[in-house]
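*Asks:* my questions concern the predicted model and sequence given below.
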Amino acid sequence: MDLSTTYMGLKLKNPLVPAASPLSTDIDTIKQMEDAGASAIVLHSLFEEQISFDAEELDHYLSHGAESFAEAVTYFPQADEYRLGPEQYLEHIRKAKDAVNIPIIASLNGVSLGGWVEYAKQMQAAGADALELNVYFIATNPRLFAEDVDRVYVDILAAIKNEVKIPVAIKLSPFFSAMAAMAKRLADAGADGLVLFNRFYQPDIDLDTLEVVPSLVLSSSHELRLPLRWVAILHGNVPCSLAANSGISSGADVLKALMAGADIAQVASVLLRHGVGHLATMLSDMQAWMTEREYESVEQLKGSMSQKACVEPAAFERANYMKALNSYA
């Protein structure tokens, strides 16, 4: 059975790709994910705050005491005192590439151009096979219009595409006012892939301390429906690869994503719950289902239940609103 797929021009042995998560911070875990069947790995993100903080910290060290005597060389720090986090990330890319034989996709998380472009080039130089942009932008300003928000994504993508040759995917939230138009706009700006969807983590309020606190809830299969719907709508309508992300917890979920039109399925929460060995279980379940129904390849599955292939496309457009409500009654 041929489980291979192509994502952003990268030929992968199967559609299972661990998404950006803390799991990829450890080289041994990256090896374990490859052994369990991962066809590529998206590394944990380098955050814009890390780039900004390290730049400011280095500037402080180098300028502190500049007004003193030139002989006062002790003001300058030892190299290990200001080793940059971003530099460690680049070294991590190199180590990951040496450790495994599958593509390594670097990840940048932020909202402004800042040092993104320069570090994107350095990630390419470090050996990354592709780059995933995680534009984590919450439009809280009531004076900011939809067009302004859209432009943030397009400008960041275009700036980076002008500087790197490796494939670039952009990870989107589901909150655009015109998702299909935005997807096409990004594809036209050079996106090699779209990752659907980013999960914006919601804070909570601690009633004891009266503080706003972070709250992380791992995804589950019911969250797959939203990316499934939009992957199915965009398949064949945008000239770039599609990755389904959020809620993929089983081999059955991967099959659904492929049938909707995804090229790969990104997984994280299920691996944090059950361990990276669960990748092998998901692949085994996929193969058993495909064998039972006499599918010979992933390509046969891909897009077979997309909006274009569906006999009732309204199921994806309006989600058969009345039928869904009546089914409960």
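*Replies:* Arrived safely.
*Asks:* where's S306, which helix or strand?
*Replies:* S306 is part of no helix or strand when elements are defined by DSSP states H and E.
*Asks:* and it, how far from A244?
*Replies:* Relative to A244, S306 is positioned 12 Å away (criterion: CB to CB, to the nearest Å). Yep, even glycine has a C-beta here, placed from its N, CA and C like the rest.
*Asks:* again with S177
*Replies:* Note on S177: its distance to A244, by CB to CB, is 22 Å.
*Asks:* who has more neighbours, these two?
*Replies:* Neighbours around S177 and A244, counted as other CB atoms under 10 Å, are more numerous at A244. The numbers are 29 against 11.
*Asks:* dump the residue contacts of that one.
*Replies:* Listed by CB atoms under 8 Å, 6 or more residues apart in numbering, the contact partners of A244 are 196, 224, 227-228, 231, 257, 260, 262, 264-266.
*Asks:* where along the stretch 51-200 of the chain do the helices fall?
*Replies:* Assigned by DSSP state H, counting those that start in this stretch, the helices in the stretch 51-200 of the chain fall at 85-99, 116-126, 146-161, 179-188.
*Asks:* among the ones you listed, which is nearest D204?
*Replies:* Nearest to D204 among those is helix 146-161; the distance by CB to CB comes to 25.4 Å.
*Asks:* in that closest one, which residues are buried?
*Replies:* Residues of helix 146-161 classed as buried by neighbour count (16 or more other CB atoms under 10 Å): 149-150, 152-154, 156-157, 160-161.
*Asks:* dump these into CSV; add distance to A191 and pLDDT as well.
*Replies:* CSV is the format used below for those (distance: CB to CB, whole Å; pLDDT from 0 to 100):
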residue, distance to A191, pLDDT
V149, 16, 88
D150, 13, 92
V152, 14, 88
Y153, 9, 92
V154, 9, 94
I156, 11, 91
L157, 6, 95
I160, 10, 94
K161, 8, 95
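*Asks:* those residues into JSON lines, with extra columns for distance to M33?
*Replies:* Putting those into JSON lines (distance: CB to CB, whole Å) gives the following:
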{"residue": "V149", "distance to M33": "34"}
{"residue": "D150", "distance to M33": "34"}
{"residue": "V152", "distance to M33": "32"}
{"residue": "Y153", "distance to M33": "29"}
{"residue": "V154", "distance to M33": "33"}
{"residue": "I156", "distance to M33": "28"}
{"residue": "L157", "distance to M33": "28"}
{"residue": "I160", "distance to M33": "26"}
{"residue": "K161", "distance to M33": "28"}
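*Asks:* pick the one among the residues you listed closest to A126.
*Replies:* I160 (15.2 Å).
*Asks:* that closest one and E118 touch, don't they?
*Replies:* No: at 10.0 Å, I160 does not count as touching E118 under the criterion of CB atoms under 8 Å.
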